[in-house]
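A.B. asks: I'd like to go over a predicted model; first the sequence, then the structure.
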Amino acid sequence: MTEPMNRMTLHLVNADGSAVSAEIENAVKRAFVWVIRDYPHVDSALVANWAEDVAAAMQCRADEISSPIRYAQAALKGKVHDWLRSATAREEVVGIGFDLERLAGTSGSFEKSVERHILFQQLKEVLNERDRMILYLLLEDKTSPKDVAAVLNTSYPAAAQAIKRVKDRIANTLRGPRKNDGEGRLPSQFCETKG
Amino acid sequence: MKDFLLETFPNPDRKGCPDEKTIQAIAEDRAPLTEAVGMHIGSCSECYAEYRNFRKDWEESVDETPAPLKPVEIPRITVAPQRAHSRLVAMGIAASLLVICSGGYVLYRGSNQTEQVAMTAHSSDSQPVSARVDLFESGTLRGGDEESLTPLNQVTLPASVVHLSVVLPRFSDKGTYRLNVSTDKQGKNVIASGTGEAVQSDGEKITLPVTLDLRDAKAGAYFLATVRGTDNGTYYYPLQIR
């Protein structure tokens, strides 16, 4: 895959060929960089074409757009998703199909996508809003109880305990259905059968 | 786990989302993360994605900023005879430039006749400086009616300890005066103050000797106020500290 295209390679004009407003230009350029970053396996030249389309469309309805950056990103992401869906539909599995899919970044494994979905739903079930905020802080390398305590307006020991609880809940979920949580209970499972 | 936050909480209508400027400020460590915003980012895939992208943009821009140069020890260099000549030429040019700049500065000072301060000495901030301010022919600002009395000649003082000799305006009385330097005309924010005894010195002129410590003052516009001890009569003059 080629390197991401530079922001300056975008030719952002409206339907008449005039340059779009600076606000729209900045928003689309930023959205372009973000989408290239989020979808490194998608050809950046394709994304650049879509970005130019998005910029022209945004200029037509500039007055209606309250947040250009959010609009541009949502629109560009939507185009990528559409393309990925249609590209997957056109795929033909051949002898080295798995490798091709892996290189292209598309997951042809239905089972894997289902497993992933189930795992995420399980995590969603065991992590409340506060836990998810702690998870978000941990993922941003704010792993110290001090950082968490500052955001939650709580004490250091309470923050440390909250972090431990989140880690335990995630670990219990990732370990699988037959591990109990240390208190004799099984973690709630999404596909658990009864009887 | 990042994918969990990025995929599990779609909010395409962006309901309840903080504006992107708030998320950008948090991502760039320009604003503190509050509990409410943190809870939202952890429960909104769009906001989390936005946060991550702003954060990466910012980190990349920081990485691109050149790091400050480390101080290096300069080795002693013995100048070879054939290079001594070029070094002397360079020193000669530097000396010439110094002379030209000094001459220009002297000419500039000489032409600046409107300045009322006569500096009798000039030294660094830590050294006391003597200055004379002549307000004999000056108008005054009293209270808030400065608009009717402008323009006034501006007094300029250095940001040092200043031994000031103030010639008070015509018809001023002798006696005890306080001299204030403030940022406002109401005298609420006084940054330096000194008291002295005004005496008749030169014919009808009344001179007030006072010492002001202006070392903590930043360069800029201030007000110089004379406060007469007997009736607290206060007069303001525009002051520039450099």
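C.D. replies: Thanks, I have the structure now.

A.B. asks: For residue 34, give me its contacts.
C.D. replies: The chain I'm using is chain A. Taking Cβ atoms under 8 Å, 6 or more residues apart in numbering or on different chains, we find A:Trp34 in contact with A:73, B:49, B:53. Every C-beta, even on glycine, is put in place using the N, C-alpha and C of the backbone.

A.B. asks: not quite, I wanted chain B
C.D. replies: Contacts of B:Thr34 (Cβ under 8 Å, 6+ apart): A:Val151.

A.B. asks: now do B:Asp202
C.D. replies: Here B:Asp202 is in contact with B:Val167 (criterion: Cβ under 8 Å, 6+ apart).

A.B. asks: Check it and give its pLDDT.
C.D. replies: For B:Asp202, the pLDDT comes out at 72.

A.B. asks: Residues of chain A that sit close to chain B?
C.D. replies: Contacts of chain A with chain B, taken as Cβ under 8 Å from any Cβ of the partner chain, map to A:30, A:33-34, A:37-38, A:67, A:69-70, A:73-74, A:116, A:119-121, A:123-124, A:129-130, A:132-137, A:139-140, A:150-153, A:170.

A.B. asks: Output the longest strand belonging to chain B.
C.D. replies: Counting by DSSP state E, the longest strand found in chain B is strand B:190-202.

A.B. asks: ok so, going back, which among the contacts of A:Trp34 gets closest to B:Pro169?
C.D. replies: B:Asn53 (64.5 Å; Cβ to Cβ).

A.B. asks: Checking the nearest residue to the closest one once chain neighbours are set aside next. Helix, strand or coil?
C.D. replies: If you skip the residues right next to it in sequence, B:Asn53 has A:Trp34 as its closest partner in space, 4.4 Å away by Cβ to Cβ, 6 or more residues apart in numbering or on different chains. Of the three states, A:Trp34 takes helix under DSSP: H, G, I helix; E, B strand; the rest coil.

A.B. asks: Quick one: mean pLDDT for stretch A:49-65?
C.D. replies: Here the average pLDDT along stretch A:49-65 is 88.

A.B. asks: Pull out the buried residues from that stretch.
C.D. replies: A:50-52, A:54-59, A:65 (16 or more other Cβ atoms under 10 Å in any protein chain shown).

A.B. asks: hmm, back to that, drop anything exposed from the residues of chain A next to chain B.
C.D. replies: For the residues of chain A next to chain B, buried by 16+ other Cβ under 10 Å: A:30, A:33-34, A:38, A:69-70, A:73-74, A:119-120, A:123-124, A:130, A:132-137, A:139-140, A:150-152, A:170.

A.B. asks: In strands only, show me these.
C.D. replies: Using DSSP E, none of these sit in strands.

A.B. asks: about what we covered before: filter the buried residues of stretch A:49-65 down to the ones in strands?
C.D. replies: Among those, no member falls in strands (DSSP E).

A.B. asks: Any stretches of chain B with poor pLDDT?
C.D. replies: B:64-97, B:99-126, B:139-154, B:230, B:232 (pLDDT under 70).

A.B. asks: Going along the chain, name the strands of it.
C.D. replies: B:117-119, B:129-134, B:155-157, B:161-167, B:175-182, B:190-202, B:205-213, B:220-228, B:234-241.

A.B. asks: Parallel or antiparallel, which strands does the third one pair with?
C.D. replies: Each strand that pairs with strand B:155-157, with its direction, by DSSP bridges: strand B:234-241 (parallel).

A.B. asks: buried set for the strand it pairs with?
C.D. replies: In strand B:234-241, counting by 16+ other Cβ under 10 Å, buried: B:234-239, B:241.

A.B. asks: Out of those, which comes closest to chain A?
C.D. replies: B:Ile241 (40.0 Å; Cβ to the nearest Cβ).

A.B. asks: Output the contacts of A:Trp34 as CSV; include the columns distance to B:Gly42.
C.D. replies: Output for those, formatted as CSV (distance: Cβ to Cβ, whole Å):
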residue, distance to B:Gly42
A:Gln73, 20
B:Ala49, 13
B:Asn53, 16
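
A.B. asks: Among those residues, which ones are in helices?
C.D. replies: In this view, these that belong to helices under DSSP state H are A:73, B:49, B:53.

A.B. asks: gap between the second one and B:Phe9?
C.D. replies: When distance is defined by Cβ to Cβ, to the nearest Å, B:Ala49 is 10 Å away from B:Phe9.

A.B. asks: what does chain B have sitting close to chain A?
C.D. replies: B:1-5, B:7-9, B:12, B:14, B:19-20, B:32-35, B:38-39, B:41-43, B:46, B:48-50, B:53, B:55-57.

A.B. asks: List just the nearest of the contacts of A:Trp34 to A:His11.
C.D. replies: A:Gln73 (19.4 Å).

A.B. asks: returning to what we had before: so which of the residues of chain B next to chain A sit within helices?
C.D. replies: B:2-5, B:7, B:20, B:35, B:38-39, B:41-42, B:46, B:48-50, B:53, B:55-57.

A.B. asks: how many neighbours does B:Pro128 have?
C.D. replies: 12 (other Cβ atoms under 10 Å in any protein chain shown).

A.B. asks: what's the closest non-adjacent residue to it?
C.D. replies: B:Val161 (4.3 Å).

A.B. asks: Buried residues, the helix or strand encompassing A:Asn172. List them.
C.D. replies: For A:Asn172, the element it lies in under DSSP states H and E is helix A:156-175. Within helix A:156-175, the residues that count as buried by 16+ other Cβ under 10 Å are A:159, A:162-163, A:166, A:169-170, A:172-173.

A.B. asks: And the residue nearest the centre of chain A, how close does it get to B:Pro128?
C.D. replies: Central residue of chain A (Cα atoms, centre = their mean): A:Asp38, 7.3 Å from the mean position. A:Asp38 is 65 Å from B:Pro128, where distance means Cβ to Cβ.

A.B. asks: again, but for B:Glu137
C.D. replies: Distance from B:Glu137 to B:Pro128, by Cβ to Cβ: 27 Å.

A.B. asks: And for B:Thr207?
C.D. replies: Counting by Cβ to Cβ - B:Thr207 and B:Pro128 are separated by 18 Å.

A.B. asks: go on, B:Trp58?
C.D. replies: Note on B:Trp58: its distance to B:Pro128, by Cβ to Cβ, is 48 Å.

A.B. asks: Also A:Glu125?
C.D. replies: Counting by Cβ to Cβ, the gap from A:Glu125 to B:Pro128 is 75 Å.

A.B. asks: And B:Arg228, by the same measure?
C.D. replies: 26 Å.

A.B. asks: What count of nearby residues applies to the residue in chain B that chain A sits nearest to?
C.D. replies: Residue nearest to chain A within chain B: B:Gly42 (3.7 Å; Cβ to the nearest Cβ). Other residues near B:Gly42 number 24, with proximity taken as other Cβ under 10 Å.

A.B. asks: My guess is it contacts B:Glu35. True?
C.D. replies: No - using Cβ atoms under 8 Å as the test, B:Gly42 is too far from B:Glu35 to be in contact (10.6 Å).

A.B. asks: If anything else comes up later, I'll come back, but that's it for now.
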